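1. Kindly return the folded structure for what I paste below:
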Amino acid sequence: MIGRQEKLWVRDLRLGFAIFFFVLYWLFASQADAFFADVRKPAVADMFYPKDKQALSKQIDYCLENVQYRRLKGRLIAMIVPHAGLMYSGQIAAYGYKELEGEKYKRVILMGSSHYQSFDGISVAEYDYYKTPLGRIKVDREFARQLVESSPKIGFLPEAHKKEHSLEVQLPFLQKVLKKGYKIVPIIFGNPSLLNCQVLAMSLAKYADDETLIICSTDWSHYHDYDTAVRMDKKGIRAVLNNDVEGFINLIGRRSSEACAAPAVITTMLLAPTLGANKTVLLQYANSGDVSGDKSKVVGYASIAYLYESAPLLKSDKRELLRIARRTLSNYITKNEVPEVKIDGPLTDRRGVFVTLNKNGKLRGCIGYIQPRKPLAEAVQEMVIAAAVRDARFPEVTKSELRDINIEISALSRLERVYDVDEIETGRDGLYIIKGDHSGLLLPQVAIDQGWGREEFLENVCYKARLAKDSWKEKNAVLYRFSAEVFHE
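-> Okay, here's the model as predicted:
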């Protein structure tokens with residue numbers, strides 16, 4: 001028989017084993033992610049930037065400290081930044097990243113073009129983490145999966161990411177300037193297809209929210225002499241600043257300007273206004289000749305910021321917009337010409353706008369921009385003409401009708417995603433719904449004119465999009481609200 005002392009010894013031994021295996025299990029469980037996570041390791045450390053953690057941190061700090069700082073007004077929605085070696089383009093990139101110091105985002109979308117792998121479509125990285133010498137950054141795999149499932153053009157091609165430097169060089173900057181808690185969504189374009197740009201812009205517009213930042217990684221002209229490079233870069237950058245998508249595409253097609261990630265730039269130009277950007281600011285431009293002194297064959301770099309900034313229109317601004325609209329309508333209907341206008345101040349800001357024509361108190365035409373694509377005054381000119389001659393519900397306005405027509409302008413705020421319909425306030429908010437290929441919009445004043453409550457307003461914006469009345473309740477329906485400054489003659 002086992003004595004009392006031996007029983008105690010066995011008990012203690014069992015307890016010791018239990019504690020040992022518990023600690024072992026705890027260590028294993030807590031470190032399991034480190035062992036089993038799918039991590040995209042650095043591909044260009046010690047080539048494009050230092051592989052030593054302290055050296056990299058010091059160099060990023062140096063670039064940020066040397067920025068002639070100006071805090072931009074408004075909400076930063078997107079940036080275009082360069083991706084050459086840190087010693088060449090890091091200082092220019094820092095002009096963008098300096099604006100992010102201390103900011104908090106939930107998600108950062110990184111877009112670039114493949115330098116090493118040829119393929120058709122768009123690759124969204126579905127790793128668990130990206131790693132740099134400064135540590136790991138979590139990938140938003142749920143968001144990535146949504147993108148992949150949104151279109152057959154979007155998938156995950158690991159070969160497109162393994163060696164690609166254009167996104168990797170942005171990560172140390174993010175790690176230094178942003179508050180913790182963000183995830184990244186790395187996206188690489190294959191062939192430079194406009195269709196791919198449109199597909200990705202539409203998918204991102206559907207799933208991105210107010211806590212999402214867009215970063216487009218591109219260098220500009222490649223290996224021209226200094227003066228030629230500057231001329232080429234100025235043309236492309238000017239088109240971006242004016243959000244002239246067609247003009248930018250034509251410049252790239254004629255090789256009058258160059259951008260190695262042109263598809264990412266085009267996608268940013270399509271997407272940023274949808275997310276509310278109405279100002280585009282050149283933060284800094286230079287090329288490799290400014291750094292190395294060798295101006296025979298240079299590469300161009302630029303940091304560009306997309307912002308949402310809005311202030312109420314003054315009474316004088318509203319009067320001027322109505323004057324421009326009336327003069328434009330009259331000249332176009334009577335002379336088939338569009339008058340030139342000189343504008344400054346708030347009238348140069350890009351805003352969504354609708355122009356409504358009423359005749360004897362009844363609707364005679366209404367067309368507008370949802371996104372802030374053009375300066376406000378230009379948008380008013382274009383939309384007053386469209387309302388007069390392109391609204392399919394009505395015949396074209398004639399000369400004899402001009403004196404009986406009253407012009408109403410609705411200058412829109414940015415679109416805000418609705419997650420809880422209790423946020424919607426009839427009379428204050430307009431609604432915009434997207435579901436599949438269907439979309440529809442109702443201006444804020446419509447609910448007042450019709451005497452609708454919230455539920456009726458939601459049902460009628462669905463009808464406007466040719467959807468069933470309860471479609472706003474469905475998971476694949478995306479609902480936005482916006483406000484508008486409404487004024488008329």
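2. C-alpha only now, for contacts and for neighbours.
-> OK.
3. what residue is smack in the middle of the protein?
-> residue 272 (3.8 Å; CA atoms, centre = their mean).
4. hang on, that residue is in a helix, isn't it?
-> Yes - assessed with DSSP: H, G, I helix; E, B strand; the rest coil, residue 272 lies in a helix.
5. what about residue 315, how many residues close to it?
-> When counting by other CA atoms under 10 Å, one arrives at 10 neighbours for residue 315.
6. Oh, that last question was meant for residue 136, not what I typed.
-> So residue 136, with other CA under 10 Å, has 16 neighbours.
7. Tell me the first helix or strand C-terminal of the regular element (helix or strand) spanning it.
-> Taking DSSP states H and E as the criterion, the element that holds residue 136 is strand 135-138. Downstream of strand 135-138, the next assigned helix or strand under DSSP H and E is helix 141-150.
8. For that following helix, which residues meet the burial criterion?
-> Residues of helix 141-150 classed as buried: 141, 143-145, 147-148, 150 (neighbour count, 16 or more other CA atoms under 10 Å).
9. Tell me the gap between the strand holding residue 136 and the middle of its chain.
-> 22 Å (CA atoms, centre = their mean, to the nearest Å).
10. what does stretch 221-238 give?
-> On CA atoms, centre = their mean, the centre of stretch 221-238 falls 25 Å from that of its chain.
11. can you dump the C-alpha coordinates of stretch 456-464 into CSV?
-> Taking C-alpha atoms only, stretch 456-464 is exported to CSV below (Å, rounded to 0.1, in the frame of the first residue of the first chain):
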residue,chain,number,x,y,z
GLU,A,456,-42.0,57.4,-46.3
PHE,A,457,-38.8,59.3,-47.3
LEU,A,458,-36.9,56.0,-47.2
GLU,A,459,-39.5,54.2,-49.2
ASN,A,460,-39.6,56.9,-51.8
VAL,A,461,-35.8,57.0,-52.3
CYS,A,462,-36.1,53.3,-53.0
TYR,A,463,-38.8,53.9,-55.6
LYS,A,464,-36.6,56.6,-57.1
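12. about what we covered before: quick check, the residue nearest to the centre of the chain in contact with residue 280.
-> No - under the criterion of CA atoms under 8 Å, residue 272 makes no contact with residue 280, lying 9.7 Å away.
13. Pull up the overlap in contacts between those two.
-> By CA atoms under 8 Å, 6 or more residues apart in numbering, residue 272 and residue 280 have these common neighbours: residue 306.
14. sorry, back to before: return the residues in contact with the residue nearest to the centre of the chain.
-> 77-78, 306.
15. Check the offset of the helix or strand containing residue 78 from the chain's centre.
-> Under the criterion of DSSP H and E, residue 78 resides in strand 75-81. Between the centre of strand 75-81 and the centre of its chain there are 7 Å (CA atoms, centre = their mean).
16. Just give the number of residues close to the nearest residue to residue 241 once chain neighbours are set aside.
-> Take residue 241 and drop its neighbours on the chain: the residue closest to it by CA to CA, 6 or more residues apart in numbering is residue 280, 5.3 Å away. Other residues near residue 280 come to 23 when the count uses other CA under 10 Å.
17. Read off the pLDDT value for residue 37.
-> Looking at residue 37, its pLDDT stands at 83.
18. what's the distance between it and residue 128?
-> Using CA to CA, to the nearest Å, one gets 6 Å for the distance from residue 37 to residue 128.
19. before we move on, what about residue 227?
-> 44 Å.
20. Show me which of these two is the more surrounded one.
-> residue 128 (18 against 12).
21. Now do the contacts for the more buried one.
-> Per CA under 8 Å, 6+ apart, neighbours of residue 128: 37-40, 138-141.
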